[in-house]
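*Asks:* Give me the fold of what follows.
(chains A and B)
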Protein chains: 2
Amino acid sequence: MRDPWPSPPPAPAPAGVDLHLDLRLGPGQSGRRAALEHALRDAVRTGRLTPGARLPSSRRLATETGLSRGTVKAAYDQLAAEGYLSARQGSATVVAARTGTPAPAPRSPASAPAAPPRHDLRPGRPDVSTFPTAAWLRATRRALATAPASAYDYGDPRGRIELRTALAEYLGRVRGVSADPERIVVTSGSVQGLALLVRVAASVVAMEDPGLPFHREVVRRAGARVVPLPTDAQGARTDLLAGLAEADAVVVTPAHQFPTGATLHPSRRQALTSWARNGGLVIEDDYDGEFRYDRQPVGAVQGMAPDHVVYLGTTSKTLGPALRLGWMVLPPHLVQPVTDAKRHDDVHTGSLGQLALAELIRDHGYDRHVRACRLRYRRRRDLLATRLAGRYAPAGIAAGLHALVALPPGGPDEIDVRRRAARVGLALETLGEFWHEPSPANPRGLIIGYGASREGAYPAALDALAGVLA
Amino acid sequence: MRDPWPSPPPAPAPAGVDLHLDLRLGPGQSGRRAALEHALRDAVRTGRLTPGARLPSSRRLATETGLSRGTVKAAYDQLAAEGYLSARQGSATVVAARTGTPAPAPRSPASAPAAPPRHDLRPGRPDVSTFPTAAWLRATRRALATAPASAYDYGDPRGRIELRTALAEYLGRVRGVSADPERIVVTSGSVQGLALLVRVAASVVAMEDPGLPFHREVVRRAGARVVPLPTDAQGARTDLLAGLAEADAVVVTPAHQFPTGATLHPSRRQALTSWARNGGLVIEDDYDGEFRYDRQPVGAVQGMAPDHVVYLGTTSKTLGPALRLGWMVLPPHLVQPVTDAKRHDDVHTGSLGQLALAELIRDHGYDRHVRACRLRYRRRRDLLATRLAGRYAPAGIAAGLHALVALPPGGPDEIDVRRRAARVGLALETLGEFWHEPSPANPRGLIIGYGASREGAYPAALDALAGVLA
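*Replies:* Residues are numbered from 1 along each chain as shown, chains lettered A, B, ... in the order given. Below you'll find the model as predicted:
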């Protein structure tokens, strides 16, 4: 289909005047007057024309530029209206007093993405090179073809009903979540869900130790205090929650503890739902629940106590973090306050991505993609175990995109490994980064992510790891 | 292009057993064991199987369902692991104690979108039926075709560099904004930008009176106190800011005051930048700055004092609010704190929409769309003035998507108009909704939005308005 609007005409050659104004027409500008205004603004802003500098009379500038005097006068008036120039009745037009010229912000290494590592075994990332671009584009096209015009307007803060309906079906089927579309709020990734929940309903939050420092910081910035909840091989010590009198909420990763990889033991699940039934808010972060390899996925805890547990899900590990699409399934009493908080945070999450995802789930393209990824990651997990066999036994490998490789005393410690890894360009994370408090008593290990590498690069990354551990 | 993954097999017919389990295979489930687990979970959750209920032995259920005993046992184990069933060594499997069945949340009229009105003259909305679907799809396709794989991964909290670069050029050219890509943060609509800024940098915020109550609530929820800043025909009374000792920030709409439509007078612009230079934070909400009809757009105040003014922009009025794409241009000292706040709020805004918008701006499709909209809205504005001529003179019509129709004493008042409008299905807003405090001294009027209607429906909406005002 052709564009209904013609392209702008090509820009004429720049015209030099003694103000050194660049009168090149930019696309979208409607004429030479606009070009003159633009050039004058630029000259003032960059400091070529300094405060108090006298401009040529409109008559003189008209002669010099070949513009009409009316055009020049209109441009002067416009810039006076904007505060760049100051034109007093009967006297010359001068550059107005103004604030200093802007300095570019320093490049911030903390926020700019770093160059990709040579070998990438960091946890928490899927292989984004497998993003199903063609399927996503098809889903987008189909979604937009059938969307009503109102889909481009402001919408329900909870998100598009098409996606909430598709998610309710999907989450019930795949994760055992008790999901009613009315109780789902679509978020810009699960991090936003966590922040909204804390703002609305938590003041002291128990969080798994070890756990993701970034999530602790999200919770703190949302206004709550964080207390550690120990974990062991059976997952979070939810049996200790009853003793943490101060905590009114807990964040857990039952399907695959981050970062240890443990699956929450049935008795711990019971302890968790009991605590929830007694008034605690359970936030279940099911970040990689779709990926379980050796038996059926363990259903979500939420299904056991849907009136007390919030379920958080995301496309970050299945499709890609860049989509920033997540969801919450809420207990009834939280629907209205969380919806209000979402509305006042960003009104709602962008609708077009939601419509595309709804379409992808509905036509089972999402299932197919997840299945293909599961096979791929399972092979990678097996390769990791094989590659380290005899020396290290990765734990937490029943599910997810990462495993814990314990570093027993006597071998290389975390600092050794990080140093050696840096030398060969291998990015990995050590368990030490995830504890609430550093302590010599903390177990040591590596968190090996088998998602981040591209398919072809993974074996070499494992070779690098084996070398580092040798 | 064909999907690389085959479709799932068609679902077999449901098999009834005496537990009334529905063993229909859902797509994506890997076998009958999954179906059995799903059916059991469902039965427990819906209350058909109550806590303590004894399940048939695995042998008996196997016979009844035609599944192997191993499959049934595996399903029982799985549900025990999930806490639905409880299986003690040597005794029967029973349904575990659990929380009550979920009740669906009440439908919330506050959050669910209402049915569209018959005639729509509400302000703050563009004609979303003009969303350039084909151009957007093309831009998306082109963007994804050239995006590196890393574009699907986590990214810079400030947003994609492609979009920030395109915006810096666009905003400089069209709005006179002094924009460096390093100082732009892309947000999920300008509301998120406002909330982030307040959390980071404001405690008492002066806001225009009248102004949007929703924005006041956003600011309050973000943790600041709101104080009113009066407005008049020359826009916000920024000359009063120096006297508001407590305010450390101000939110203004200089190009087209919302809702009065006034353009900020040059002397007020100077007062605003002076206040900013003395340490106040100016937040310039340029929500409809692209739409100016009778002369060139008034450039952004930010261009005058880029080290002190935050510029907020959005696609909500140009393309459609559903995109949830906005941006902030920040003074250097705010870049790092706002970036950190954004990272901990939702990591970053979804990347694919950003890439599509960058593409649309780069190839001038965005300019063409804005130009076409400007012509359309200008015609509508003229039609409004014509239709009310002789009785009412709409104000604030030099720009934007709405006008203020003052209701002088002696004629119908706001309550009359609202009542009559409701009777004919005409949605409009009255000035009374926008004041910080209700008062009999507040001027009265209607805020007529000429964006919200579809093109063909607009004349009838004006007829309805004329009837209401007759």
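*Asks:* can I assume A:Arg303 is in contact with B:Arg41?
*Replies:* For the record, residue A:303 is Gly, not Arg. Yes - counting by C-beta atoms under 8 Å, B:Arg41 is a contact partner of A:Gly303 at 6.3 Å. To be clear about C-beta, it is placed using only N, CA and C from the backbone, and glycine gets the same treatment.
*Asks:* More neighbours: which of these two?
*Replies:* Neighbour totals were compared for A:Gly303 and B:Arg41, and A:Gly303 leads with 27 against 23 (other C-beta atoms under 10 Å in any protein chain shown).
*Asks:* and A:Ala62, that one's in a helix?
*Replies:* Yes - assessed with DSSP: H, G, I helix; E, B strand; the rest coil, A:Ala62 lies in a helix.
*Asks:* okay, the closest residue to it other than its chain neighbours: pLDDT?
*Replies:* Once flanking residues are discounted, A:Ala62 sits nearest to A:Arg69: 4.1 Å by C-beta to C-beta, 6 or more residues apart in numbering or on different chains. Looking at A:Arg69, its pLDDT stands at 84.
*Asks:* Do a quick rundown of the helices in the stretch 351-470 of chain A.
*Replies:* A:351-362, A:365-388, A:414-423, A:458-469 (DSSP state H, counting those that start in this stretch).
*Asks:* joint contacts of A:Gly303 and B:Arg41?
*Replies:* By the contact definition C-beta atoms under 8 Å, 6 or more residues apart in numbering or on different chains, A:Gly303 and B:Arg41 are jointly contacted by A:Gly176, B:Glu82, B:Tyr84.
*Asks:* Now for the first one: which residues touch it?
*Replies:* The neighbourhood of A:Gly176, defined by C-beta under 8 Å, 6+ apart, consists of A:Gly299, A:Ala300, A:Gly303, B:His38, B:Arg41, B:Glu82.
*Asks:* Tell me, what's the model's pLDDT at it?
*Replies:* On pLDDT, A:Gly176 comes in at 94.
*Asks:* Check the last one too.
*Replies:* Per-residue confidence at B:Tyr84 stands at 83 (pLDDT).
*Asks:* low pLDDT regions in the stretch 151-300 of chain A?
*Replies:* Residue ranges of the stretch 151-300 of chain A with pLDDT under 70: A:296.
*Asks:* the helices in the stretch 151-300 of chain A, which residues?
*Replies:* Under DSSP H, counting those that start in this stretch, the stretch 151-300 of chain A gives helices at A:161-175, A:190-201, A:213-221, A:266-277.
*Asks:* Identify the residue nearest the residue positioned nearest the centre of chain A in space, chain neighbours excluded?
*Replies:* The residue lying closest to the centre of chain A (C-alpha atoms, centre = their mean) is A:Arg324, at 4.9 Å. Nearest residue to A:Arg324 in three dimensions, chain neighbours excluded: B:Gly350, at 4.0 Å (C-beta to C-beta, 6+ apart).
*Asks:* related to what we said a few turns ago, I'd like to know how many residues surround the residue nearest to A:Ala62.
*Replies:* For A:Arg69, using other C-beta under 10 Å, the count is 14.
*Asks:* Check the gap between it and A:Ser86 for me.
*Replies:* As for A:Arg69, its distance to A:Ser86 is 20 Å (criterion: C-beta to C-beta, to the nearest Å).
*Asks:* contacting residues for A:Thr318?
*Replies:* Contacts for A:Thr318 (C-beta under 8 Å, 6+ apart) come out as A:Pro126, A:Glu290, A:Tyr366, A:His369, A:Val370, A:Cys373.
*Asks:* Over to it. Which of the three states is it?
*Replies:* Criterion first, three-state DSSP; result for A:Thr318: coil.
*Asks:* State the helix or strand in which A:Arg138 lies.
*Replies:* Here A:Arg138, judged by DSSP states H and E, is contained in helix A:133-146.
*Asks:* Can that helix be said to contact chain B?
*Replies:* Yes - against chain B, helix A:133-146 shows contacts by C-beta under 8 Å from any C-beta of the partner chain at A:Thr133, A:Ala134, A:Ala135, A:Trp136, A:Leu137, A:Thr140, A:Arg141, A:Leu144.
*Asks:* list the buried ones in that helix?
*Replies:* Across helix A:133-146, burial judged by 16 or more other C-beta atoms under 10 Å in any protein chain shown covers A:Thr133, A:Ala135, A:Trp136, A:Leu137, A:Arg138, A:Ala139, A:Thr140, A:Arg141, A:Arg142, A:Ala143, A:Leu144.
*Asks:* same thing with stretch A:210-221?
*Replies:* For stretch A:210-221, burial by neighbour count (16+ other C-beta under 10 Å) applies to A:Pro210, A:Gly211, A:Leu212, A:His215, A:Arg216, A:Val218, A:Val219, A:Arg221.
*Asks:* Show me the subset of the residues you listed that also lies near chain B.
*Replies:* A:Val218, A:Arg221.
*Asks:* State the pair within the buried residues of stretch A:210-221 that is farthest apart.
*Replies:* Largest separation among the buried residues of stretch A:210-221 by C-beta to C-beta: A:Pro210 and A:Arg221, giving 20.2 Å.
*Asks:* Comparing the helices of the stretch 351-470 of chain A, which comes out most buried?
*Replies:* For the helices of the stretch 351-470 of chain A, average neighbour numbers computed from mean count of other C-beta atoms under 10 Å in any protein chain shown are highest in helix A:351-362, which has a mean of 25.
*Asks:* So what touches that one?
*Replies:* So helix A:351-362 is in contact with A:135-136, A:139-140, A:142-144, A:147, A:151-152, A:155, A:159-160, A:162-163, A:165-167, A:169-170, A:186, A:315, A:319, A:323-325, A:366-367, A:369, B:136, B:322-324, B:350, B:352-353, going by C-beta under 8 Å, 6+ apart.
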